[in-house]
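Enquirer: mind looking at a prediction? Sequence and model below.
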Amino acid sequence: MIELVWLVPLLPLLGWLIIGLFGKRLSKALVGAIGCGSVLGAFGVSIAVFVAVAGHRGEFGSIKLFDWIQAGDFTASFSFLVDPLSSLFLLIITGVGFLIHVYSTGYMKEDEGYARFFAYLNLFVFFMLLLVLGDNYLIMFVGWEGVGLCSYLLIGFWFKNTDYNKAARKAFIMNRIGDLGFLLGILLIFVTFGSVSYESVFDTAASPGAGFSNNAVTTAICLLLFVGAMGKSAQIPLYTWLPDAMAGPTPVSALIHAATMVTAGIYMIARSNILYTLSETAMTVVATIGILTALFAATIGIFQNDIKKVLAYSTVSQLGLMFLGLGVGAYTGAVFHVMTHAFFKALLFLAAGSVIHAMHHEQDIRRMGGLKKYLPVTFATFFIGTIAISGIPPFAGFFSKDEILAHAYMHNKFFWFLGVLTSMMTAFYMFRLLYLTFYGEFRGTEEQEHHLHESPKSMTVPLMVLAGLSVAGGFLGVPELFAHGAHWLHGFLEPSFERSAMRMYTSHASHAEEYAIMGFAVLGAVAMWYLAKKHYSEPDNVPAEDDEEVNPVQKVIYNKYYVDEFYEAVITKPLNRISEFFYGIVELRFVDAIVNGIGDTVKWLAGIFRLAQTGNIGFYIFAMVISIVVILFIKIM
Amino acid sequence: MNTIIFLASLGGFAMLAEIFRLRKLIYPVVLLGLPGAAAVAVMDWNGRALSPIFNNMIVFDHFAVMFSVVMIVTLALWMLLAHRGLNESVTVSDHVSLAVFSLTGGVLMVCYANLTMLFLGIEILSIPVYILAGSNKTSLRSNESAFKYFLMGAFATGFLLFGIAMVYGATASFDLMRIAEAVYTSALTSKMLLGTGIIFILVGMAFKISAVPFHFWTPDVYEGAPTAITAFMSTIVKTAAIAAFFRLFAFCFTGEAGTWSTIIWAVAALTLLYGNITAVYQQSVKRMLAYSSISHAGYMLLALLAMADTSQGSILYYTAAYSAGSIGAFAVLMLVAQAKGNEGFDAFNGLGRSNPILAFVMTCSMLSLAGIPPMAGFFAKYYIFSSALDSGYTGIVIIAVIASLVSVYYYLRVIIAMYFRESREGLTIELSLLHQVLMIIVTALIIALGIFPDLIISRL
Amino acid sequence: MKNMIVLGLIAFPFLAALLLLFTKSEGAKKIAFAASVIEFALAVFAFAQLKQNAVHPELALNVPWIKTIGVNFHVAIDGISMLMVLLTALLVPFIILSSFRSNHENPSLFYSLILIMQMALTGVFTAMDGFLFYVFWELALIPIWFICLMWGSGDRARITLKFFIYTLVGSLFMLAGLIYLYQFTGSGEIGTKEFVGRSFDIKALYAAGASLDPGQQGWIFWAFFLAFAIKMPVFPFHTWQPDTYVAAPTAGTMLLSGIMLKMGTYGLIRWLLPLVPAGVHAWMDTAIILSVIGIVYASCIAIVQKDLKRLIAYSSIAHVGLISAGIFTLTAEGIQGGLMQMISHGINVVGLFFIAEIILSRTSTRQLAELGGIRNVEPQFAVLFLIVLLGSVALPLTSGFVGEFLLINGIYQYSTWAALFAGLTVILGAVYMLRSYQRVMLGETNSVTAGFAPLTFHEKAVLIPIVILIIALGVYPKPLMEIAEPAVKQIISIAGGIK
Amino acid sequence: MTIYLFYFLSFVAVLCALLVVFSKSPVNSVLFLIVTFFAIAGHYVLLNAQFLAAVHVIVYAGAIMVLFLYVIMMLNLNRDVEPHKPVALRFAAVVAGGLLAITLIGALHGAETLPKAGNVQADIGLIENLGKTLFNDFLLPFEISSILFLSAMVGAVMLGKKELK
Amino acid sequence: MSAIQVIPVHYYILLSVVLFSIGVLGVLFRRNAIIIFMCIELMLNAANLLLVAFSSYFSDAGGQVFVFFIMAVAAAEVAVGLAILTMIFRNTRSTDIDFLNKLKW
């Protein structure tokens, strides 16, 4: 079965080609059908592949399509690796992707760029699949850059708006900064291991006595790769693009900037787990950056008023948690969280999209309120999503987050503490969002109120499916604590992490500790729920307008700690100034001036020299005689 | 030897024909006679004159034959170039005979084996040119040109003669072989005498090839003389002079190279820099070509300086390429100046559109003079540089390279004027048949010599 | 007979040019286009022939030319040459086609100059004799100079003069180097059996170069490097380039940037690396540093450019800096990447300049500030532009990526820091390219761009194949990489790798 | 005796040469030059070049100088009012000429060590000997010089005659 | 008895040099073209004197024969030169070389 895995990326690619080339001439319905159908087909094949992988025979391996780049010692073939990790991601991407496609047929119905939108989405799915399917780092890089491109295209989907274009550009360029790190990482891998294919790299790295354990090179590789992950998965310091990326249509935010693309960094590290396992430094860095990002983004999330921005910071924060998981060796947990996060975050975004759709593209929660009665399905699903993300059992978020926090606890108590703090903040701002949006009185214009309506089926059905998944998805990874072998995912992913598992010192916490950890987290979440409910049910506590005075701390946080401004001042402006300097001074006044100066000097000399030609014979002969005298004089000397 | 007789007779015919009312015949006979002269010269290729004849007066070795052929062909082309002026003039007899006599002098200068012959050759070459430069009698510029040329030429001759006298004092002979032997074996009455004599001869020769600082006459004379005569001066006179220079110094004064090579080095460097740089400023194409002619003397001196095995071949090729390019350039210049009444760069404006053929020939000539492949001028420069580098003269080659870069500027200026600048009056210049023939031959020569340099260099 | 292919490749454009000149036909552009297509077919035929002869991968012709000084008309096509010839033969039809709309005055001259240029370029890429190489090298300068001078715009007299003299400066240094090397060719006493005459043959020159002591090799290195560095151009020898690109007519700019620039990079591979290995080893650091500085410097300057064509010109400097840095690493990856990038850059930059031309011809401006919103009017054009642009920023699965990746790979093997700075092109390239794309294509339509006419058939006929090539070569570069590999290995074995 | 004659002739030659340069009237210059030529002819006689001395007098004093005089008369240049160069230039001219003489003498330093001539053939300057040399060894230049005269003749006529138009 | 046996040859060299230099001096000193021609003749005569001196010194008739040729050439040159001068005089009414500077730079 897995030999057919090439169909998975191929179908969206074909979808893209057909829609891209003929989209204008096809009806919207047909475009939607092709767009969704191709992903659905891919989903079908993915299921088959997944089943084959998960089945008893445990089929996995590498499928080579063709040689791609070969030069000197460097070889990279276009081949796909099917293993539990990639098959799981296939499923997430095509599954969630399909739902979002379906959702989009409703959400984008009125848009003139309908066909273009689906073409981009299909292209994105193709690249995302390539990213996870590649059997070497270079193919991953292909997908990596490809999704970046699609992200750029989709953020700037409404290209008439200059701000959106700027956001798109920012996303692309920040990603490229990360990509450079990734690229250098790949090159270091090649230089070190003589190959970029996972199989041989990991085998070499893992082989005992090869000396890659806690070796500076390994650390360097890991850190360089992590730079790439920082860019793609929006970690400090390369996270600022993600909130801005909300300029794109909401399904895009759901698919790319929540469920799939941004988790590519996690996939990469999970894929390279052995390398990270070998380098404690790298692990620590990953964990530290992860938890810091999580905490940092969570604080910002508390004070945001744009429904999508809140979700965006929440995404950044959740991604940080996943990195924490990776950093503390909870590879399965991180991947698990990727999956559950894909469910509930996609759900949240889509539900938010539904709200925005109903509100005629109003995104400010200060203009919402009391939407529960107008948008019952949306509310219900959003509610589920909120509970799930807050980590309240038995919803999906609880299990995955718990696994990460448990590992963090074993690893470093302080990380755990911060993790719990983050988790609590998450619960707080999510419920804040929920209450501000759906409870209380409607605060928008009358016209908006007049038009409020529940979204069409094409949008609500995916919401319901995702809600279902958010509820049930967690049961794939029930902690061992409750039943032996309950953690199905752990068993399933084992082959992908077995190299790491062999060298990871795993100390299990006692049952009591585990219960305590769980209880602590759940208690915190529920407390926050209560707090948010209490605070934001009051109409007076609706957040202040932008021009109102607020206390300084709140202002700093509301303005995202002025990080964008800081980057502007430290990077963008100096770059422009250096460029101007290069062009205005170095290029024109110096390099080119020297070249021109040589020419001008010759002309100037010509003007001087010609004066010797006075036209006077007396002078000519005089000059000749003097020349002869000089020659004779030199001869005598 | 036969060549000299043939040419002298041709000149004599041109002189006398008028008396017998055969004026109409002068031009065609001489024009057709010149290829005959070239053929006669070629027949001497392996003739009895390979070693000196007439009591060691002249020698018709390969060097002499090839340079003679180059000059004779150049004169034939020159006849085509000047055909209108010659045929319309009542003085056709004078002009043609003087030109042919001058050529005879040139041939003498490439085949002499005795300083007497060198001296006579120089004078026979120069005196007709003094006259021709002033042949536009009513033009003050032409007068001035003739006068300057004559006066300074005579002055330089004084130095040459004094030098010859000193060399005679040192070696007791005018015979090149005997001098060479004496120089080589140091069988001299006085080394000082020889050295100073060589310097004086060098001054006289440097004057003839217009090397800095003995070049002062060149721009003024070239500018003032009728354009056709300028073409004559810058090709045949220069070829003869450099060949004579080379024969004397490379064959005869070799043993004293220590005395003169430094001087030539300095002279060549000055010539290259001064000629090329000053040309940049010029507003008149004719005067620019004069400076360019100065600078080309510098390149030729490089080959003399090198004294490598390839030097002869390189000078020969250089003169051939340079003559072809110059004839082309002067031909176009003459036609354009006649039509526009002005010799400035702006006279060439718009020529690319109004007269593509002339513009093309001019382009080839300019590129050739600038030394851009595949034109002949490129290989010429290449071969010279190669000879010089072969002998270890890296420094001067670098100067020459820089100088030729400068030269590109002013040569291209002409091309830019032709193809880029617009001209208000779209003057069409009618080309006579002979001019067309000239244009074709010159272009073919420039390109063919450039592509097949073996045609010439393998001969020496 | 098969060896006559090489001659055919060189001679055919020239004959076609002569025909054009003398027919003065009104349909000059069509004849020229047909000729260039035939030439392309010839090149493809040669490619096929070469592939079959994997053991002896050379189509060669060697006849004496200037016997006196040991110059032969030695032209040959090995893998490296093949790629370059193919690139030339591929781009010229596009270039000719792209100028169909321009209605140049005196078309027969215009197109014959292009074809003569093609002859010279093909000659440069196939010459295996130093002298011949130099002659073709210079010969290529004349037609392009005339094209720029006669059909260019702006202050072109001054600019093209600077261009001509500047490039000639380098060439003459190279000539000096060639002559110097030439003196060390040949061996044995004249007249004896062991006597071998001096020669400009590439093998003889290689041997002569290797026999020099490292100091001398260093001088030779600079003599050649200057020529190539100016031609490419590498910082700080680049200042002729932006002005010239802007002043030249678009066909000229395409020739300059698409093909002529590759003369320099090709020269590095064929003539510099194997010629003076010790010199290269002594100076490669400097060369790489200059190239890398050029990458960052030109990228930065491109960011603040206001004129689209000038922006592309600076981007070209940045790209070529990467190529040159990669080649100088003496790694197979670097050189193969360089070759790949030459092809890719050639295709890309032709596309970019054509796009600039399309915009200029419709809006009469290239100022970024005045444009905007073209995408609203002409979405198809926007897509084509975007793909070319992505090729230029080396997005994977475009041809640009293969080359750029291998180049950075090679540079990385040489030095991590160099790779880091060279890699900045990944970021800065995106910055200036996206900036220009946004300014030109996105945003609201304004009065300048409102009447943007749809692409004509000819324009599509150029852009679409270019776009297809960009993607196709990015996905499946193997045939090109394969054919160059043996030749590259040979070059490296002569030059000596860094390991 | 000979040496005194030599000194005398040399003194006359140099003095008159200087007077050629410094005298105001062109005619005076011509006359001084003729005297110089005679002095030089005297040297020739001393050097046993009797025939040459005769020819010298005939050609130079007789032909060339007459030609000069003729032209001066014809152009009516015999006035004392010839404008002089500025003093500075004249001074520079004297300096340059002096420098030339000095450096030239310096360059020829060492020639005074030349031995005196031993037995010399006294008769080489006689007509017979010169004639033999001229018509044997120097036959070709002798013939060739005819071309020179022809061209000079043609040229002088061409320049001298009035324009027909 | 030839003077050359009594008088050292370098006396003649000195004399020639002095005469030659006076000729050069005259060329530089004067403005009148005719005088300048005459000074050039003086230079030639200096060369002649040197040749004759050496001719006697070497007992070689060649030197004297050479002087014949110089005389011949000098005569021809003077003829041509004076022709040019008369031509100029016809146009400018002057033989002052300082007026002949239309061609310059």
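Expert: Okay, I see it.

Enquirer: wait, B:Ala306 touches B:Ile396, no?
Expert: No - using CB atoms under 8 Å, B:Ala306 makes no contact with B:Ile396, being 9.3 Å away. C-beta here means a position set from N, CA and C on the backbone, and glycine is covered the same way.

Enquirer: how much space between B:Thr319 and chain A?
Expert: Using CB to the nearest CB, to the nearest Å, one gets 25 Å for the distance from B:Thr319 to chain A.

Enquirer: oh sorry, the question was meant for E:Val9
Expert: 20 Å.

Enquirer: kindly report the same for C:Val462.
Expert: Relative to chain A, and taking CB to the nearest CB, C:Val462 is found at 19 Å.

Enquirer: what count of nearby residues applies to that residue?
Expert: Neighbours of C:Val462 under the rule other CB atoms under 10 Å in any protein chain shown: 27.

Enquirer: strands of chain C, start to end?
Expert: In chain C, strands defined by DSSP state E lie at C:59-66, C:71-77, listed in chain order.

Enquirer: and the longest one, is it in reach of chain B?
Expert: If I follow you right, that is strand C:59-66. Yes - if you take CB under 8 Å from any CB of the partner chain as the test, strand C:59-66 does meet chain B, through C:Trp65, C:Ile66.

Enquirer: going along the chain from whatever helix or strand A:Asp67 lives in, find the next helix or strand for me.
Expert: Following DSSP states H and E, one finds A:Asp67 within strand A:61-71. Sequence-wise, the next helix or strand downstream of strand A:61-71 (DSSP H and E) is strand A:74-82.

Enquirer: and chain D, what are its domain boundaries?
Expert: D:1-102, D:122-165 (automatic domain parsing).

Enquirer: for those domains, give me JSON lines that also has mean neighbour count, distance to chain E and mean pLDDT.
Expert: Putting those into JSON lines (neighbours: other CB atoms under 10 Å in any protein chain shown; distance: least, CB to the nearest CB, whole Å; pLDDT from 0 to 100) gives the following:
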{"stretch": "domain D:1-102", "mean neighbour count": "18", "distance to chain E": "3", "mean pLDDT": "87"}
{"stretch": "domain D:122-165", "mean neighbour count": "18", "distance to chain E": "4", "mean pLDDT": "85"}
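
Enquirer: could you dump those into JSON lines and include distance to A:Gly146?
Expert: Shown next, in JSON lines, are the domains of chain D (distance: least, CB to CB, whole Å):
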{"stretch": "domain D:1-102", "distance to A:Gly146": "84"}
{"stretch": "domain D:122-165", "distance to A:Gly146": "87"}
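
Enquirer: and the longest helix belonging to chain E, what does it pack onto?
Expert: Across chain E, the helix with the greatest residue count (assigned by DSSP state H) is helix E:61-92. If you count contacts as 3 or more CB pairs under 8 Å, 6 or more residues apart in numbering or on different chains; DSSP states H and E, helix E:61-92 packs onto helix B:115-133, helix B:140-171, helix D:50-56, helix D:65-74, helix D:127-136, helix D:139-160, helix E:33-58.

Enquirer: distance between the fourth one and the chain's centre?
Expert: Read that as helix D:65-74. Here the centre of helix D:65-74 is set off from its chain's centre by 16 Å, with CA atoms, centre = their mean, to the nearest Å.

Enquirer: could I get the strands of chain C as TSV with mean pLDDT?
Expert: Converted to TSV, these look like this (pLDDT from 0 to 100):
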stretch	mean pLDDT
strand C:59-66	88
strand C:71-77	90
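
Enquirer: quick one, which of those strands is packed in tightest?
Expert: Counting by mean count of other CB atoms under 10 Å in any protein chain shown, strand C:71-77 has the highest mean neighbour count of the strands of chain C, with a mean of 23.

Enquirer: quick one, what contacts B:Gly47?
Expert: B:Phe60 (CB atoms under 8 Å, 6 or more residues apart in numbering or on different chains).

Enquirer: please apply the same query to the one 3 residues further on.
Expert: By CB under 8 Å, 6+ apart, B:Leu50 lies in contact with B:Val59, B:Phe60, B:Asp61.

Enquirer: so for B:Ala306 and B:Ile396, which sits in the more crowded spot?
Expert: Neighbour totals were compared for B:Ala306 and B:Ile396, and B:Ala306 leads with 26 against 23 (other CB under 10 Å).

Enquirer: spell out which parts of the stretch 501-637 of chain A neighbour chain C.
Expert: A:575-576, A:578-580, A:582-583, A:586-587, A:591-592, A:595-596, A:599.

Enquirer: for the strand holding A:Asp67, buried residues please.
Expert: Using 16 or more other CB atoms under 10 Å in any protein chain shown as the burial criterion, the residues of strand A:61-71 that qualify are A:Ser62, A:Ile63, A:Asp67, A:Trp68, A:Ile69, A:Gln70, A:Ala71.

Enquirer: secondary structure class for whichever residue of the stretch 351-500 of chain A sits closest to chain B?
Expert: Residue nearest to chain B within the stretch 351-500 of chain A: A:His361 (57.9 Å; CB to the nearest CB). At A:His361, secondary structure determined by DSSP: H, G, I helix; E, B strand; the rest coil is coil.

Enquirer: now it: how far from chain C?
Expert: Distance from A:His361 to chain C, by CB to the nearest CB: 18 Å.

Enquirer: ok, now A:Ala512?
Expert: Applying CB to the nearest CB to A:Ala512 and chain C gives a distance of 49 Å.

Enquirer: in terms of helices and strands, where is that residue?
Expert: helix A:511-536.

Enquirer: so what does that helix touch, helix or strand wise?
Expert: Against helix A:511-536 (3+ CB pairs under 8 Å, 6+ apart) you get helix A:376-390, helix A:396-411, helix A:413-438.

Enquirer: mind putting the ones you listed into TSV with mean neighbour count and mean pLDDT?
Expert: Compiled in TSV, those are given as follows (neighbours: other CB atoms under 10 Å in any protein chain shown; pLDDT from 0 to 100):
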stretch	mean neighbour count	mean pLDDT
helix A:376-390	24	86
helix A:396-411	27	83
helix A:413-438	23	86
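
Enquirer: just send these back as JSON lines, with distance to chain D too.
Expert: Formatted as JSON lines, the helices and strands packed on helix A:511-536 follow (distance: least, CB to the nearest CB, whole Å):
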{"stretch": "helix A:376-390", "distance to chain D": "102"}
{"stretch": "helix A:396-411", "distance to chain D": "97"}
{"stretch": "helix A:413-438", "distance to chain D": "96"}
